[in-house]
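**Q** predicted model, plus sequence, below.
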Amino acid sequence: MPHCWEARLLFEETTRTLFCGDLFTHVGDPAPIKSGDIVGPAREAEAMFHASCLTPTTGSTIRSLASLEPAVLGVMHGSSFNGACVKALEDLANVYDDLLAAAMPAS
């Protein structure tokens, strides 16, 4: 999760930091940490790279990370985040659910 077998996510319980790997990737030269929108830039990066696996469980897996109630999201590619982390994870899960729905053939 999110895009290949060697991807890792780690949760450090003392500081409640979720090291997100490639979740929330964004491009450019951002500040080291931010509290504003992190989902929009991640959506833009996904549209650019198409690097994440779109599966029926992608959204639910991201939602399960929200249940950890992290205080900080340590982002591999972009700014780390100290805003509303649970909401950001839930919103990102919705992004992936929408991408999966758009990629599925109409029945």
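**A** All right, it came through fine. Residues are numbered from 1 along each chain as shown.

**Q** the helices in the protein, which residues?
**A** Using DSSP state H, the helices of the chain run over 39-49, 58-66, 85-103.

**Q** run through the neighbouring helices and strands of the longest one.
**A** Packing contacts for helix 85-103, counted by 3 or more CB pairs under 8 Å, 6 or more residues apart in numbering; DSSP states H and E, involve helix 39-49, helix 58-66, strand 72-74. In short, each C-beta sits where N, CA and C put it, glycine included.

**Q** can I get the helices of the chain in JSON lines including distance to Pro30?
**A** Below are the helices of the chain laid out as JSON lines (distance: least, CB to CB, whole Å):
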{"stretch": "helix 39-49", "distance to Pro30": "8"}
{"stretch": "helix 58-66", "distance to Pro30": "21"}
{"stretch": "helix 85-103", "distance to Pro30": "15"}
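
**Q** let's have those in a markdown table, adding mean neighbour count, mean pLDDT and distance to Gly21.
**A** Listed next are the helices of the chain as a markdown table, based on neighbours: other CB atoms under 10 Å; pLDDT from 0 to 100; distance: least, CB to CB, whole Å:
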| stretch | mean neighbour count | mean pLDDT | distance to Gly21 |
| --- | --- | --- | --- |
| helix 39-49 | 17 | 95 | 12 |
| helix 58-66 | 18 | 95 | 11 |
| helix 85-103 | 17 | 96 | 13 |
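
**Q** those: which one's closest to Arg16?
**A** helix 85-103 (8.4 Å; CB to CB).

**Q** how about the helices of the chain, which one is nearest Ile33?
**A** Nearest of the helices of the chain to Ile33, taken as CB to CB: helix 85-103 at 12.2 Å.
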